[in-house]
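Colleague: how would this look folded up:
(one chain, ligands or ions: 1)
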Amino acid sequence: MSDDSRIESVLSEQRVFDPPADFAERCGGAWVESMEVYRELHEASVEDPENFWGAIANELDWFEPWTSVLDWDAPDAKWFVNGKINACYNCVDRLINMGHGDQAALIWEGEPVGEEGPEVRTLTYRELHAEVCRFANGLKSLGVERGDIVTIYMGMVPELTIAVLACARIGAPHSVIFGGFSAAAIADRVEDAKSETIITCDGAWRRGSVVPLKANVDEAMKSTDHVKNVVVLRRCNNEIDMHVGRDHFWSDLVEDQSDECPCEPMDSEDMLFLLYTSGSTGKPKGIMHTTGGYLVHTYLTSRYTFNLRPGQDHVYWCTADVGWITGHSYIIYGILQNHVPTLMYEGAPNHPDPDRFWEIVDRHKVTHFYTAPTAIRAFMKWGEEHPRKHDLSSLCVLGTVGEPINPEAWMWYHRVIGHERCPIVDTWWQTETGGHMITPLPAATPAVPGSCTLPFLGIDAAVVDKEGHELNPNEGGLLVVRKPWPSMLRGIYGDRQRFIDTYFSTVEGMYFAGDSARRDDRGYFWIMGRMDDVINVSGHRLGTMEVESALVSHDAVVEAAVVGMPHEIKGTGIAAFCSLSPAYQADDHLRDVLREHVAKEIGAIAKPDMIRFTDALPKTRSGKIMRRLLRDIAAGKESTGDMTTLEDFSVIASLRGDEE
Ligand code: WT7
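Modeller: Predicted coordinates for the structure are as follows:
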């Protein structure tokens, strides 16, 4: 949705949905039961975050207590200073110690549906513990040590969660790369992280075909020589090459390993993981998260935002991929700590049929369902008859994340999936924030479709101008967080200056999220969109510069400019404007070639939806590409901007004329 049409819908949205009266009863109680309680808790928590977060942290298991809750010297935060803790211990061992060892921790469903239905695996905390320990010992046998960064490039299989937890157990930070990324993207990330170990699968199932993960790793290895060991899990039994000495089958590695492996006592501020995300430049940034604060924040947000109630037969399902922060925080770490089984589904929402998700909800009696607006829009398009075929009465909380949800999609979700009895939590947060920042609490916050409502407990979010002054209701400005929070990023791996420039230089002393936003008369937040050159395609973040670099790396393209454009399902689609080398013919064949080229350089999610060929790109006199103009052209709108600075008016004329 463009900023303009979003502003219109913000100002016109009047519907308010109170939490259903029988919510607590249906959901086995409520953690934060009313707006009064929320307001009281929020005020106290923001006034004294150390007291608030300290009390929550006490619910986790620490090997050694912290000496102070927070040490803040902007932009550097240290939480639970000197505390010693292990993430895997708190997700697995702690629950076993509490007597829940034989209860389900992880429920997994594979994509292929055979004669007997899909493959389903359930791992109890005790079984998960044994698998994690065996694999952790396997990693150690390869020489992986505390502090070594391990790259994980797998499909959505239980072993992905096992691998993540095994790394956490031995203190080796993981760097998970989404399985949809290309060989080139793997190579970049491995180089940046100087990672010597990769864990992968032979292939991953996607809509009945096999994504060749191992072959992509092999390809990536041609352009980096850091990697000493590749661990390969057999999943699809597709043909693969194994390099003697470098490659090891998962099954061989865990054979004969003990199912006991001690947890490394990590410092609260030791790195738990790196996760690469796109920014304004062509180079993805490795966002660093540490251990103690991240665990505390994801623990509490999972519990309160979703109202997870241990012992109530809850089954929680987040449809994201573990390759994104949503999967890290709200498939693995936050949920496992809460003693509610987390469901992982391997495949596509419409395989073999468009009702696959609803069939899963019905069969597993899912109570909590967390997905993205882009998925909801796809479901709307496929039709109500698919969810209508299934019993969705187990559901009690619905969540959304990744991009602003348009009110139509919100209403459909509420009506068709939630049967008007499930609160929807629209959670605003980022890779950098580690966990939820602005979100309704399901038993407390009246929802307004399209608004992520109010800050989570302990979060001091605001909309300000460049000087840091808070704006009046309905004035658009910069979305900032004024106080540190436990799961905030601790830096960009290997790039201190970029960390400061990106997040702590726009508004003095505050974290700037990169989003613009406004608050309405109730104080509710409305996210307007990114202010940098980042676009949000199906809830996946992409830098326009990354796509531009991929395009110009092809011989045909001399210059490229990439902007977002409205897209019915994806929210934002990718529009590319390219000028060509004279040796190439501007035709549909070349469009296909370039789309494939981008997929190869980055991944299929980065394929342009529209490619427009042009003799030259519109630039200002100082040589800057006029992106706003290109956005208007891509959206099919007449440009409203000032064009007098254009170097060549004819460029625009020809761009407009050259419709695809
Ligand atoms: C950007 C962060 C957080 C996990 C998924 C994306 C946008 C995210 C919302 C929301 C409006 C949202 C923002 C943000 N965004 N959630 N509920 N409403 N916008 O993580 O890839 O780091 O992207 O996604 O623009 O800055 P990410």
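
Colleague: any bit of the helix or strand containing Ala517 sitting next to the ligand?
Modeller: Element membership of Ala517, judged by DSSP states H and E, is strand 511-519. Yes: applying CB under 6 Å from any ligand atom, one finds strand 511-519 touching the ligand at 513-515. Every C-beta, even on glycine, is put in place using the N, C-alpha and C of the backbone.

Colleague: Only the buried residues of that strand, if you could.
Modeller: 511-519 (16 or more other CB atoms under 10 Å).

Colleague: With stretch 213-221 instead?
Modeller: 213-221.

Colleague: pLDDT averaged over it, what's the number?
Modeller: Stretch 213-221 shows a mean pLDDT of 98.

Colleague: For the stretch 301-450 of the chain, which segments are assigned as helices?
Modeller: Using DSSP state H, counting those that start in this stretch, the helices of the stretch 301-450 of the chain run over residues 325-327, 334-336, 356-364, 373-382, 385-388, 407-412.

Colleague: Quick one: closest of those helices to the ligand.
Modeller: helix 325-327 (4.5 Å; CB to the nearest ligand atom).

Colleague: and that closest one, average pLDDT?
Modeller: 98.

Colleague: now swap in stretch 283-294 and tell me
Modeller: Mean per-residue pLDDT for stretch 283-294: 96.

Colleague: Check the offset of that stretch from the chain's centre.
Modeller: 13 Å (CA atoms, centre = their mean, to the nearest Å).

Colleague: what kind of secondary structure is Phe52 in?
Modeller: helix (DSSP: H, G, I helix; E, B strand; the rest coil).

Colleague: Quick check: chain neighbours aside, which residue is closest to it?
Modeller: Ser45 (3.8 Å; CB to CB, 6 or more residues apart in numbering).

Colleague: so how far is the host helix or strand of the one you found from its chain's centroid?
Modeller: Element membership of Ser45 [criterion: DSSP H and E] is helix 35-47. Relative to its chain's centre, helix 35-47 lies at 28 Å (CA atoms, centre = their mean).

Colleague: and the gap between the residue of the stretch 51-200 of the chain found nearest the ligand and Met565?
Modeller: Here the residue of the stretch 51-200 of the chain nearest the ligand is Phe178; by CB to the nearest ligand atom that distance is 10.6 Å. Distance, Phe178 to Met565, by CB to CB, to the nearest Å: 23 Å.

Colleague: ok, these two, which is more surrounded?
Modeller: Neighbours around Phe178 and Met565, counted as other CB atoms under 10 Å, are more numerous at Met565. The numbers are 21 against 18.

Colleague: winner for burial among the helices of the stretch 301-450 of the chain?
Modeller: Most buried of those, by mean neighbour count (mean count of other CB atoms under 10 Å): helix 334-336, with a mean of 29.

Colleague: is it anywhere near the ligand?
Modeller: No: applying CB under 6 Å from any ligand atom, one finds helix 334-336 out of contact with the ligand, separated by at least 12.4 Å.

Colleague: which residues sit against that helix?
Modeller: If you take CB atoms under 8 Å, 6 or more residues apart in numbering as the criterion, helix 334-336 is touched by 91-92, 95, 105-106, 298-299, 301-302, 308, 316, 318, 342, 435.

Colleague: Now do the contacts for Ala74.
Modeller: 484, 504, 509.

Colleague: please redo it, this time with the cut-off set to 10 Å
Modeller: Contact analysis of Ala74 by CB atoms under 10 Å, 6 or more residues apart in numbering lists 483-484, 500, 504, 508-511.

Colleague: Just flag the most distant two among these.
Modeller: Lys483 and Ile500 (17.8 Å; CB to CB).

Colleague: who in the stretch 251-400 of the chain is up against the ligand?
Modeller: 277, 324-326.

Colleague: With the stretch 101-250 of the chain instead?
Modeller: So the stretch 101-250 of the chain never meets the ligand (CB under 6 Å from any ligand atom).

Colleague: in the stretch 101-250 of the chain, which spans are strands?
Modeller: Assigned by DSSP state E, counting those that start in this stretch, the strands in the stretch 101-250 of the chain fall at 104-114, 117-124, 150-153, 174-176, 197-201, 204-206, 209-211, 229-233, 247-249.

Colleague: Can you spell out which helices and strands pack onto the first one?
Modeller: This points to strand 104-114. Judged by 3 or more CB pairs under 10 Å, 6 or more residues apart in numbering; DSSP states H and E, strand 104-114 is in contact with strand 117-124, helix 125-141, helix 158-170, strand 204-206, strand 316-318, helix 334-336, strand 342-345, helix 356-364.

Colleague: Any regions of the stretch 251-400 of the chain where pLDDT drops low?
Modeller: Judged against pLDDT under 70, the stretch 251-400 of the chain has no low-scoring part.

Colleague: still on that earlier bit, ok, the residue of the stretch 51-200 of the chain closest to the ligand - contacts?
Modeller: 153-154, 185, 275-276, 321-324, 327, 540, 603, 605 are the contacts of Phe178 under CB under 10 Å, 6+ apart.

Colleague: okay, the residues you listed in a markdown table with distance to Glu131 next?
Modeller: What follows is those, written out as a markdown table (distance: CB to CB, whole Å):
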| residue | distance to Glu131 |
| --- | --- |
| Tyr153 | 19 |
| Met154 | 14 |
| Ala185 | 28 |
| Leu275 | 23 |
| Tyr276 | 27 |
| Asp321 | 20 |
| Val322 | 16 |
| Gly323 | 20 |
| Trp324 | 23 |
| Gly327 | 18 |
| His540 | 30 |
| Gly603 | 29 |
| Ile605 | 30 |
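
Colleague: Now restrict these to buried residues only.
Modeller: 153-154, 185, 275-276, 321-324, 327, 540, 603, 605.

Colleague: what's the closest of these to Tyr584?
Modeller: Of all these, the one sitting nearest Tyr584 is Gly603; the distance, using CB to CB, is 24.1 Å.

Colleague: Leaving out sequence neighbours, find the closest residue to that closest one.
Modeller: Take Gly603 and drop its neighbours on the chain: the residue closest to it by CB to CB, 6+ apart is Phe181, 4.2 Å away.

Colleague: is it true that the one you found touches Leu542?
Modeller: No: if you go by CB atoms under 10 Å, Phe181 and Leu542 don't touch, sitting 11.3 Å apart.

Colleague: Can you pull the residues that touch both of these two?
Modeller: Taking CB under 10 Å, 6+ apart as the criterion, Phe181 and Leu542 both touch 284, 602-603, 605-606.

Colleague: what's the most distant pair in those residues?
Modeller: Taking CB to CB, no two of the shared contacts of Phe181 and Leu542 sit farther apart than Pro284 and Ile605, at 13.0 Å.

Colleague: and for these two, which residues touch both?
Modeller: In contact with both Pro284 and Ile605: 181, 541-542, using CB under 10 Å, 6+ apart.

Colleague: export the residues you listed to CSV and tack on neighbour count and pLDDT?
Modeller: Compiled in CSV, the shared contacts of Pro284 and Ile605 are given as follows (neighbours: other CB atoms under 10 Å; pLDDT from 0 to 100):
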residue, neighbour count, pLDDT
Phe181, 22, 96
Arg541, 21, 91
Leu542, 24, 93
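
Colleague: tell me which of those is nearest to Asp353?
Modeller: Nearest to Asp353 among the shared contacts of Pro284 and Ile605, with distances taken as CB to CB, is Phe181, at 27.7 Å.

Colleague: what's the spacing between that closest one and Glu25?
Modeller: Applying CB to CB to Phe181 and Glu25 gives a distance of 44 Å.
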